[in-house]
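[1] below are the sequence and a predicted model for it; my questions follow.
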Amino acid sequence: MSKNIKSYLILLLLIQCLTGACQSPDSTVNFPLKGKWDVLSKVEVEKSDGKVIDQDEEVYKPNEKFFEFTESNTVIISQGFGKHSEKLPVRLEGNNLYIGKFKKEKTPYLIRYQGDVVKLAKTESKTKKGRTILKTEQVVLRKSKPETVNQ
């Protein structure tokens with residue numbers, strides 16, 4: 001290869017690197033949960049020895065409960081149509097979502113994306129009176145549609 005072609009290729013590579021660095025990143029790529037998500041349902045199941053010992057299922061009306069994820073590593077969980085809310089730290093590592101203060105033994109939610117729906121699921125175990133109890137929680141979220149302002 002001639003010296004001019006090598007110089008040209010290096011210059012071309014340098015220009016591509018610089019233009020890529022100057023573009024503003026799409027925050028949804030870095031944090032795909034950013035924004036408001038309506039909670040559709042929450043199911044909690046407790047099992048011992050493979051048998052269901054307790055089950056709770058809640059289905060929510062639109063805007064009754066929602067999660068709002070921010071770029072500043074927080075989530076605002078609002079319920080009661082906005083009457084009650086709490087702000088918690090959040091950390092996303094791949095498909096593992098940690099909500100609340102991070103502890104070494106904290107169990108993350110596993111995230112599954114299905115279009116505009118996200119399912120958060122986690123299973124924790126505890127021992128109660130010598131029995132192992134598995135508690136599984138699944139929260140189903142749907143990306144909120146942007147609110148339109150009537151003029």
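    All right, it came through fine.

[2] in this protein, which spans are strands?
    For the chain, the strands defined by DSSP state E cover 35-48, 51-59, 65-69, 74-79, 84-93, 96-99, 109-114, 117-128, 131-143.

[3] out of those strands, deepest packed?
    Comparing the strands of the chain by mean neighbour count (mean count of other CB atoms under 10 Å), strand 65-69 comes out on top with a mean of 21. C-beta: built from backbone N, CA, C; applies to glycine.

[4] any chance of the strands of the chain in JSON lines with mean pLDDT as columns?
    Shown next, in JSON lines, are the strands of the chain (pLDDT from 0 to 100):
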{"stretch": "strand 35-48", "mean pLDDT": "95"}
{"stretch": "strand 51-59", "mean pLDDT": "94"}
{"stretch": "strand 65-69", "mean pLDDT": "94"}
{"stretch": "strand 74-79", "mean pLDDT": "94"}
{"stretch": "strand 84-93", "mean pLDDT": "93"}
{"stretch": "strand 96-99", "mean pLDDT": "93"}
{"stretch": "strand 109-114", "mean pLDDT": "94"}
{"stretch": "strand 117-128", "mean pLDDT": "93"}
{"stretch": "strand 131-143", "mean pLDDT": "94"}
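
[5] ok, the closest residue to residue 121 other than its chain neighbours - contacts?
    Leaving aside its sequence neighbours, residue 121 sits nearest to residue 138 (CB to CB, 6 or more residues apart in numbering; 4.5 Å). By CB atoms under 8 Å, 6 or more residues apart in numbering, residue 138 lies in contact with 42, 43, 119, 120, 121.
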